[in-house]
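Enquirer: Just the structure for this:
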Amino acid sequence: MNKVAIVVLSDTESGEALGRIVNALTAAREYKEAGDDFNISFTGAGTKWPAALSDSTHPAHGLYEAVKDRVAGACGYCANAFGQTDAVRGCGLPLLEDFGQNMSFRKLTQSGYQVVTF
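Expert: Next up is the predicted model:
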């Protein structure tokens, strides 16, 4: 069984960004269907994604809904820096603040997770 942490750093502002989030969510769905241990985190400009993906008209909304139960949360520092703190909380996601106000990559690797970034 794999242990994978999918980390989304991509902004929401381009066609490339849509490709990145679709790839991240498709990978998550594949891990989920295989029964692997995985989670998804949003950091950097990626903290904009939870609100965007919660919109039922977004093209990747269905993919997001299929794996939403495995979203660990969003980096607290980054959510604040990108003006997304209220949006992240409004989506019912926790702010990840394991290293000061930041999410901890070390915590993931120390727990045996392979980190895959998009």
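
Enquirer: Using just helix, strand and coil, how would you label residue 39?
Expert: strand (DSSP: H, G, I helix; E, B strand; the rest coil).

Enquirer: can I assume it is in contact with residue 3?
Expert: No. If you go by Cβ atoms under 8 Å, residue 39 and residue 3 don't touch, sitting 9.3 Å apart. Heads up, the C-betas are built off the backbone N, CA and C, glycines and all.

Enquirer: what residues are shared contacts of those two?
Expert: Shared contacts of residue 39 and residue 3, defined by Cβ atoms under 8 Å, 6 or more residues apart in numbering, comprise residue 113.

Enquirer: State whether residue 73 is indeed within a strand.
Expert: Yes. Residue 73 forms part of a strand when assessed by three-state DSSP.

Enquirer: which residues touch it?
Expert: Contacts of residue 73 (Cβ under 8 Å, 6+ apart): 41-42, 88, 93-96, 103.

Enquirer: ok so, going back, which of residue 39 and residue 3 has more neighbours?
Expert: A count of neighbours by other Cβ atoms under 10 Å puts residue 39 above the other of residue 39 and residue 3, at 19 against 14.
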